[in-house]
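Novice: how would this look folded up:
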Amino acid sequence: MRILVTNDDGIHAPGLEVCEKIARELSAEVWIVAPENDQSGVAHSLSLNDPLRLREVGERRFAVKGTPTDCVIMGVRHLMKDAPDLVLSGVNRGRNAAEDVTYSGTVAGAMEGTVLGIPSFALSQAYMSANRHKPHWDTALRFAPDIIRRVLKNGIPRDVLVNVNFPDCAPDTVAGIAIATQGKRDAELLRIEPRHDGRGNPYYWIAFARGASVGTAHGTDLNALSENRIAITPLRLDLTDEPFMTKLAEIFG
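Specialist: The predicted model follows:
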């Protein structure tokens, strides 16, 4: 089995090393193609107005000056002689649950693999910097290989990717696995933070709202993570809302 590994935190991210270790538990042929720099929040974007710069870091290990989507295309369409049998994207430093999946470059890496017809997983390790500890990378490392094997054994439907979020806890305190829906937060998580440079000119950061409440409805990825369970969520490429499509057909029929 040939595995292509990518991420959105960049070629030097600790989570990429974790993902490589996960991949090597599954296969001897592992290719790493990851962004040169941090690409968090770029979603499923392509570099259409800038050239892609490719740098060989080591054997079957490359850095691309581009997005996670660019990296998967580069790996599949250019670097690898034979298409990979599996794409692993991650392990992300921080969860990709609820609305995060629409922003996430990690999810996008797996999404592009799915677009190309390759079974794909997005892997994320939940982490709260306020807790003043490093991410529990050992949690993802312990549980991911078995999860991936079990899912692959039964098969993934075409045009579906598997989003896996590991809880912010040590491996021995993981409370189990939850097959969860994509959740929704109770409040707006992002805000604009205005600042001024040394010359007094204004500039702005998109920042996370402090104290924003988080929805933990039963059966969602957010709920599973709050209970120290691993959240596994299948995501479809087809975003069509069929019930409303039917309603629109009645309106315009």
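Novice: just for the stretch 51-200 of the chain, where's the confidence low?
Specialist: Across the stretch 51-200 of the chain, residues meeting the criterion (pLDDT under 70) sit at 130-132, 187-188.
Novice: As a check, name the ranges of all strands in it.
Specialist: 54-58, 61-64, 86-93, 120-125, 160-166, 177-179, 190-196 (DSSP state E, counting those that start in this stretch).
Novice: what's the first one in contact with?
Specialist: Applying C-beta atoms under 8 Å, 6 or more residues apart in numbering, the set of residues contacting strand 54-58 from outside is 11, 32, 36, 62, 63, 64, 65, 74. All C-beta atoms are positioned from the backbone trio N, CA, C, and that covers glycine.
Novice: could you redo the last one with a cut-off of 10 Å?
Specialist: Under the contact criterion C-beta atoms under 10 Å, 6 or more residues apart in numbering, strand 54-58 has outside partners 11-12, 32-34, 36, 61-66, 70-71, 74, 78-79.
Novice: Strand partners (parallel or antiparallel) of that strand?
Specialist: Sheet pairing of strand 54-58 (DSSP bridges) gives strand 61-64 (antiparallel).
Novice: What's the ChimeraX line that selects buried ones from the contacts of strand 54-58?
Specialist: Of the contacts of strand 54-58, the buried ones go into a single ChimeraX selection, burial set by 16 or more other C-beta atoms under 10 Å:
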select :11,32,33,34,36,61,62,63,64,66,70,71,74,79
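Novice: Restricted to helices, list the contacts of strand 54-58.
Specialist: Taking DSSP state H as the definition of helices, these contribute 70, 71, 74.
Novice: could those residues go into JSON lines alongside distance to residue 167?
Specialist: Formatted as JSON lines, the ones in helices among the contacts of strand 54-58 follow (distance: C-beta to C-beta, whole Å):
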{"residue": "70", "distance to residue 167": "31"}
{"residue": "71", "distance to residue 167": "27"}
{"residue": "74", "distance to residue 167": "32"}
